[in-house]
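Undergrad: Sequence first, predicted coordinates after that:
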Amino acid sequence: MLFLSADNPLLADEPLYQTVKSIFMTGYEGVIVDEIHYARDWSRHPKALYDDFPAHRLWISDSSTLDLRTGFPDTSRRFVPVRLPLLSFREFLFLETGTDYETCNPFKEYSQLPLHPGPAILAAFQKYRTCGTRPSYGEGNFQRGQGADSVIRDDIDYPAGKVLPLWLLGMGW
């Protein structure tokens with residue numbers, strides 16, 4: 001996969017289709033295009049790329065999820081919306097340790113915490129804060145993927161408390 005940001009001034013005069021086609025022709029199996037709405041006539045290119053390169057992957061993101069939802073004609077067969085909710089610390093602990101802690105109701109009188117915040121839990125919480133809020137943190141080389149995750153987490157404008165929609169062109173899945 002190759003990452004490119006469509007808001008890069010070097011890409012301003014290049015048609016997105018031609019840029020991605022060139023990338024595919026050099027051997028890349030997939031391209032991640034961030035800030036796709038900056039590309040000229042951006043809504044036409046993903047469909048054409050999907051139709052012309054069905055064995056390749058194209059992931060697209062945008063600062064405005066509304067643009068992604070409304071900008072494409074006939075996306076039902078081509079685009080797979082993926083909702084990636086954030087993990088709770090309890091879920092993170094389960095993935096890390098296999099221990100299924102009880103939930104805690106802070107509004108219930110005399111509610112006991114299901115765990116004690118000792119050194120191991122505090123270390124796990126530090127790891128959770130660093131990389132564990134996304135369910136994909138344990139897949140592959142996480143450090144290498146942090147750049148793309150940072151773009152997704154910091155650049156896509158979405159209300160707090162909602163799940164983050166990633167619009168993926170489901171080629172090769």
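TA: Happy to help now that I have it.
Undergrad: quick one, strands of this structure?
TA: 2-5, 30-34, 57-60, 79-84, 164-169 (DSSP state E).
Undergrad: tell me the domain ranges of the chain?
TA: The chain resolves into domains spanning 1-85+139-173, 87-133 when parsed by automatic domain parsing.
Undergrad: which of these has the lowest average pLDDT?
TA: Among the domains of the chain, domain 1-85+139-173 carries the lowest mean pLDDT, at a mean of 71.
Undergrad: List the residues that contact Ala12.
TA: Counting by Cβ atoms under 8 Å, 6 or more residues apart in numbering, Ala12 touches 38, 40. Where you see a C-beta, it was placed from the backbone N, CA and C, and this is true even at glycine.
Undergrad: Look up phi and psi at it.
TA: In terms of degrees, to the nearest 10, the main-chain angles of Ala12 are phi -60, psi -40.
Undergrad: what's the distance between it and Arg40?
TA: Ala12 is 8 Å from Arg40, where distance means Cβ to Cβ, to the nearest Å.
Undergrad: Same check on Leu4?
TA: Distance from Leu4 to Arg40, counting by Cβ to Cβ: 15 Å.
Undergrad: Specify which residue of these two has the higher count of neighbours.
TA: Taking other Cβ atoms under 10 Å, Leu4 and Arg40 do not tie; Leu4 has more neighbours (18 against 13).
Undergrad: could you list every residue that touches the nearest residue to the more buried one once chain neighbours are set aside?
TA: Excluding its sequence neighbours, the residue lying closest to Leu4 (Cβ to Cβ, 6 or more residues apart in numbering) is Val33, at 5.9 Å. By Cβ under 8 Å, 6+ apart, the contact set of Val33 is 4-6, 16, 20, 39, 58-61.
Undergrad: Glu35 and Ala6 touch, don't they?
TA: Yes: if you go by Cβ atoms under 8 Å, Glu35 and Ala6 touch, sitting 4.8 Å apart.
Undergrad: Quick one: the helices in the chain, in order.
TA: 16-25, 45-52, 65-70, 89-97, 119-127, 142-155 (DSSP state H).
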